[in-house]
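Chemist: just to be clear, the model below is a prediction. Sequence and coordinates:
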Amino acid sequence: MGRIDWYLGRLRTMSPQEVVWRVGSVSRGVLSESRRPISDTDLVPNGDWDAALARLRSSTDRPVLLDGARAESIERQFPAQVAEIVKAAENAVEFRFSFFGHGEVQLETPIDWHRDPVAGIRWPTSPSRRINHRAGGRDPKWIWELNRLQHLVWLAEAWLFTGNEKFSDAAFEQLDTWIDQNPPGIGIAWRGAFEAGIRSISVSIALQGLRDAPGLTADRYRRIARMLAYSAEYCWRERSRFSSANNHLLGEMVGLATTAILLPDLCPAAKLEKRALDVLTREADKQILPDGAGAEQAFGYQVSTGELFSIVATLLARRDDRPPQILLNAIDRSARFLGTVMGDDDPAPRYGDADEGFGVRLGVAKLPSVREHLGVLAAITGNEIARRAGVDSISARWFAPDGALPEISDGGAAIPDMYASDGGVVVLRSDRRRIMMDVGPLGYLSIAAHGHADALAMTLSLQGQTVIGDPGTGSYYVHPDWRSAHRSTRAHATLSVDGLDQSVMAGPFMWSRHARVRTRSVDLTRGVIDAEHDGYIRLDEPVTHRRWTIAPPFGMSLVVVDMISGVGRHEVRTAWPLHPSLDVRADGLTHRVSRNGQSVVRIDHAANIEAVPYEIRGDQKSNLGWWSDRLESREESWLVGVGCVGHMPVVLATIIVTEPDEQPPIRAFEVAIRGGLVDVKWAAGDAEMSVRIDPARSGAVDCRGFAEPVTKRPPITTSDW
């Protein structure tokens, strides 16, 4: 997509108020390039940096997150994890870095903070707002990640754990070169207030952890504080607004707040903190929905959002024990939602984008760990579901009020089913089977930047392992073809019409038309979900996709029925993306799925018209049949399903047998529409089973031949929260 096309598409997503604001921001940005430098007396009382450094070291009027006493306790309890942090710090001392799916890179000495060795390019040292980071297929993610300086926190931790000054000296020397090479507003590191915000979190926390290091002189403190003060001003002036006010706004405001809370000697600190908290408390109920789901419809970004809120809440609690209750409530809602989704041993689901982003890197995991995050949230709010689903870690111990995690009182009860009606997430469980269905919106705000066209997608995990899932994010900038494919409808566990996406892409982080989901009925007790979306009413011959997922809490099978109704003749295709560890053997309209020679599931297909099965693995042309666990990397995986071409209405049924070795083969599998009713029938051994659906009534599903239900813990609905 050309730059002009991108701007035109972006313009269509804006309100008139946003257009006026953005035009004004251009002129404000030009003026800001010629602003007078901030004087010392503008920053600290009387410009006395020796006194300011003394107050930093004594932790006067500010909270402490990283300190020597807690470091000693953590080292005793987590020797293996501490060793990993020290090793990561050693790598940082030696200028070795690894980000995303790229291999480790050895940087030159001193570090050139503008050079991306992975892409082999050096970004210009011109005013940042004049740098087009989308030009020429360039990928700014690697260089941004380096310039977030999150490794400084590892260096601070390693100094606290070992007392070795090589770690503190390396942190200050790298900060010296970074400040020298990156004057305020110059270069790719300043391209966007979000980058400045995330960097401010790392530098402020690392500085606080290194406050007693011999290498921290008054002059160094002055230089670092001046950079942080400019960053705070920049985060406020260039904050994300209107259709861009998603997780970026949170990163900017948390960076601003962290600086103000940890460096209260800065003259504008009180004003900056108030500004940041005003925004964060407004955003808390917008970006964490009433049911605890993340508004961005991206599981990975919900973890990042919760982490950002947690940083501010923890710092305020340590300072005066008065974090805003609205922040604590949002953290607690998110903890309950994430813990219920994760259960005791389920894998983290993947819907929407994930960019491996951290608010602060207190541990060395390459990817954010949902269970470690839940341990942090439990440390802050004491949420019992989060404590049960989470794990203890160094991060949780730094965040915990007294360095210890709360006990839980209900460890034996089953994690309940859940319908999060605001976020549009349904979770159905039976034994160690977890089914999730997406009945939510495309994404957040008009651009829905991190949403995928996956309405009505159904995913499955068994015995703690993913079977049917989301293929991941793939790429942001390096591979535009991957980006499009991994966001597409055909790559997800839903149904596509005429090979088109349910929603219309208008750029790599933008959608011009959003499919809207209508949830007709969710019956958690019976395990029946009935929902539809309008993504294909834009066609010349419009149709609607409606899906029933029928997963009773008993038995070993689940049934998915898709009905496409409307006018005309269309191609319809189901898709079931399988984890890369799985193999597939096709047998007519049956896909037999195994792992290491052991049967995992059997997927049987039928339709009211002729259906043709397909199997795709690692296709270079369509970019289907791929799985991505890290940005900028992928591996081959099976994508299976069936396709039909015919006049509407068309009904396809899929039976997924979750313990195939214990169940006889399915035979006489038939789908028909009779008198306006949908009949699905099949036989297994001597048993005859059927599902009859009345589309005229929401949730009208009659199952015959299934076993009797077993007792389950009452499910969770939004009203319970």
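Modeler: Arrived safely. Predicted, not measured: the structure shown is a model, and the values here were computed from it.
Chemist: which other residues reach the helix or strand encompassing Phe669?
Modeler: With secondary structure defined by DSSP states H and E, Phe669 is part of strand 666-674. Contact with strand 666-674 is made by 589-590, 602, 604-608, 649, 651-653, 655, 657, 678-684, as judged by Cβ atoms under 8 Å, 6 or more residues apart in numbering. Bear in mind the C-beta positions are built from the backbone N, C-alpha and C, glycine included.
Chemist: Thr544 touches Gly566, doesn't it?
Modeler: Yes - in this structure, Thr544 is within contact of Gly566 by Cβ atoms under 8 Å, at 5.9 Å.
Chemist: please list the members of the contacts of strand 666-674 that lie in helices.
Modeler: Using DSSP state H, the subset of these located in helices is empty.
Chemist: on that earlier part again, run the chain-centre distance for the strand holding Phe669.
Modeler: 40 Å (Cα atoms, centre = their mean, to the nearest Å).
Chemist: buried ones in that strand?
Modeler: Using 16 or more other Cβ atoms under 10 Å as the test for burial, strand 666-674 gives 666, 669, 671, 673.
Chemist: quick one: least confident of those residues?
Modeler: Lowest pLDDT among these: Ile666, with 94.
Chemist: would you mind measuring from it to Glu372?
Modeler: 41 Å (Cβ to Cβ, to the nearest Å).
Chemist: pLDDT score for the nearest residue to Glu108 once chain neighbours are set aside?
Modeler: Counting by Cβ to Cβ, 6 or more residues apart in numbering, Glu108 lies nearest to Phe95, which is 7.3 Å off, once chain neighbours are set aside. Turning to Phe95, the model gives it a pLDDT of 98.
Chemist: likewise for Asp5?
Modeler: 61.
Chemist: ditto for Val710
Modeler: pLDDT, read off for Val710, is 39.
Chemist: likewise Pro553?
Modeler: pLDDT recorded at Pro553 is 84.
Chemist: ditto for Glu18
Modeler: Glu18 carries a pLDDT value of 70.
Chemist: could you measure from the nearest residue to it once chain neighbours are set aside over to Ala284?
Modeler: Of all residues not flanking Glu18 in the chain, Phe242 sits nearest, at 3.8 Å (Cβ to Cβ, 6+ apart). Distance, Phe242 to Ala284, by Cβ to Cβ: 19 Å.
Chemist: so those two - more neighbours on which side?
Modeler: Legend: neighbour count by other Cβ atoms under 10 Å for Phe242 and Ala284, higher for Ala284 (23 against 16).
Chemist: for Leu250, see how far away the more buried one is.
Modeler: Counting by Cβ to Cβ, the gap from Ala284 to Leu250 is 9 Å.
Chemist: so what's the spatially most central residue of the chain up against?
Modeler: Centroid check for the chain by Cα atoms, centre = their mean gives Gly300 as the closest residue, at 1.4 Å. Going by Cβ under 8 Å, 6+ apart, Gly300 touches 350, 352-357, 368, 473.
Chemist: just the closest of those residues to Gly527, please.
Modeler: Using Cβ to Cβ, Arg350 is the member of the contacts of Gly300 that sits closest to Gly527, with 22.6 Å.
Chemist: now the nearest residue to the closest one once chain neighbours are set aside: phi and psi?
Modeler: Ranked by Cβ to Cβ, 6+ apart and with sequence neighbours excluded, the top spatial neighbour of Arg350 is Asp470, at 4.0 Å. Main-chain torsions, Asp470, degrees, to the nearest 10: phi -90, psi 140.
Chemist: and Cys644, that one's in a helix?
Modeler: No - according to DSSP: H, G, I helix; E, B strand; the rest coil, Cys644 belongs to no helix; its state is strand.
Chemist: residues near it, how many?
Modeler: Cys644: 20 neighbours (other Cβ under 10 Å).
Chemist: please apply the same query to Ser637.
Modeler: So Ser637, with other Cβ under 10 Å, has 23 neighbours.
Chemist: with Ala51 instead?
Modeler: Ala51 has 14 nearby residues by other Cβ under 10 Å.
Chemist: Three-state assignment for it, please.
Modeler: helix.
Chemist: picking that back up, need the overlap of contacts for Ala284 and Leu250.
Modeler: In contact with both Ala284 and Leu250: Phe309, using Cβ under 8 Å, 6+ apart.
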